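Enquirer: no letters, just coordinates:
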């Protein structure tokens, strides 16, 4: 496993680049997932605009005015952080001995590099300001296409999604959070998918509605993108070994499964970022320093989910143009993601709740809710589309 991109590059290519220790493998895949989702959603927004489903809006924009002091302050702050925290890593790899999170959230850094980088970014911002100024500044009405909001939408999705994923994880493992709240909040691992989906989705819908994009159409645009992003994110879980693996699997690989490698059936996640060697949750005391791998193999469920999500994305992408009811495609997405997660929970490690004698996991409960919500949304969207079609037909008969 590769806790950081540094580990991957060193193992695969033999290059020793200490600076890359700051790049968490899971975080890298999450970043790729957001970029891919941004691209997929941009394509769909453009398609819906071409088909006349979504319309561009207009706004007043100032052209040629001097930049505000806030623009300079933000640039200086970014420059200082880059110089104070990031530049020193290029010359002193010992700063990461305690781990990247420990360094990033400490007061360690280089003041001189921070001040110099802040000055450089201030100069670049000043030069940009001079170039864009006009002798006679003006305010123009400009057309804004739906896809042009994707940069802001992605930013909001990232912030609210990661916040929700963290919060839901702490609620699921409340005892661990109480024992070490600071470590739980700032650790590189510990993210719950459904928390990210719920909070990130709410953030995206808020931005969409604010900019004149219909909520149900935005949901349809986001469904396939989120499915693919989930698959990419799960690859990050697998390759970093963040603890989202399955239950212990000591059974022999079935003969009908002989075409796949052994690790696909049962894997012990060596050098995992979670620093776990006991997959049973406490019955096998061990030391990760001396045995940096799980003492018993487990189902590699993150990889299973990655394959399932990518396959489901393919289905959603193929049928997206045939699903006419607004919100219908997202309803199908909810049913798919709910069913997929509910099934994989049967072989995943998770804390459970005691509800009326049943012991479901948090993910199983949310999976059922999402499946039902998807079914309700599909029925509602279908009836809505049927009424629209009937109205159009009646108007044509008049």
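Expert: Received, thanks. Source: prediction; values computed, not measured.
Enquirer: quick one: the helix or strand harbouring residue 379 to chain centroid distance?
Expert: Assessed by DSSP states H and E, residue 379 sits inside helix 362-397. Taking Cα atoms, centre = their mean, to the nearest Å, the mean C-alpha location of helix 362-397 is offset from the chain mean by 27 Å.
Enquirer: likewise for stretch 57-68?
Expert: Distance of stretch 57-68 from the chain centroid (Cα atoms, centre = their mean) equals 32 Å.
Enquirer: residues making contact with stretch 209-228?
Expert: 33, 36-38, 40-41, 44-45, 48, 53-55, 57, 144, 146, 149, 197, 201, 204-205, 208, 309-310, 312-313, 316-317, 320, 323, 326-330, 332-334, 336-337, 381 (Cβ atoms under 8 Å, 6 or more residues apart in numbering). The way it works is simple: take the backbone N, C-alpha and C, and place the C-beta from them, glycine included.
Enquirer: so how far is that stretch from its chain's centroid?
Expert: 16 Å.
Enquirer: how about it: buried residues?
Expert: Residues of stretch 209-228 classed as buried by neighbour count (16 or more other Cβ atoms under 10 Å): 211, 213-214, 216-228.
Enquirer: which ones among the residues you listed lie within helices?
Expert: Judged by DSSP state H, helices contain the following of the buried residues of stretch 209-228: 216-228.
Enquirer: show me which of the contacts of stretch 209-228 are buried.
Expert: 33, 36-38, 40-41, 44-45, 48, 54, 146, 149, 197, 201, 204-205, 208, 309-310, 312-313, 316-317, 320, 323, 326-330, 332-334, 336-337, 381.
Enquirer: and the strands in the stretch 151-300 of the chain?
Expert: Here the stretch 151-300 of the chain has no strands by DSSP state E, counting those that start in this stretch.
Enquirer: circling back to that earlier point, just put the ones in helices among the buried residues of stretch 209-228 in JSON lines and tack on distance to residue 265 and pLDDT.
Expert: Listed next are these as JSON lines, based on distance: Cβ to Cβ, whole Å; pLDDT from 0 to 100:
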{"residue": "216", "distance to residue 265": "42", "pLDDT": "92"}
{"residue": "217", "distance to residue 265": "42", "pLDDT": "93"}
{"residue": "218", "distance to residue 265": "40", "pLDDT": "93"}
{"residue": "219", "distance to residue 265": "37", "pLDDT": "93"}
{"residue": "220", "distance to residue 265": "37", "pLDDT": "95"}
{"residue": "221", "distance to residue 265": "37", "pLDDT": "95"}
{"residue": "222", "distance to residue 265": "34", "pLDDT": "92"}
{"residue": "223", "distance to residue 265": "31", "pLDDT": "94"}
{"residue": "224", "distance to residue 265": "30", "pLDDT": "96"}
{"residue": "225", "distance to residue 265": "31", "pLDDT": "94"}
{"residue": "226", "distance to residue 265": "29", "pLDDT": "92"}
{"residue": "227", "distance to residue 265": "25", "pLDDT": "95"}
{"residue": "228", "distance to residue 265": "25", "pLDDT": "95"}
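Enquirer: and the helices in this structure?
Expert: With DSSP H as the criterion, the chain has helices at 5-13, 25-50, 69-81, 100-104, 111-132, 150-172, 174-179, 181-186, 193-210, 215-240, 262-265, 301-319, 328-344, 362-397.
Enquirer: most tightly surrounded among these?
Expert: helix 215-240 (a mean of 25; mean count of other Cβ atoms under 10 Å).
Enquirer: now do stretch 279-297: distance to the chain's middle.
Expert: Stretch 279-297 has its average C-alpha position 29 Å from the chain's average C-alpha position, going by Cα atoms, centre = their mean.
Enquirer: correction: stretch 40-51
Expert: Taking the mean of its C-alpha atoms, stretch 40-51 sits 21 Å from the chain's own mean (Cα atoms, centre = their mean).
Enquirer: so what touches that stretch?
Expert: Counting by Cβ under 8 Å, 6+ apart, 54-56, 145-147, 150, 153, 213, 217, 220-222, 224-225, 228, 320 sit against stretch 40-51.
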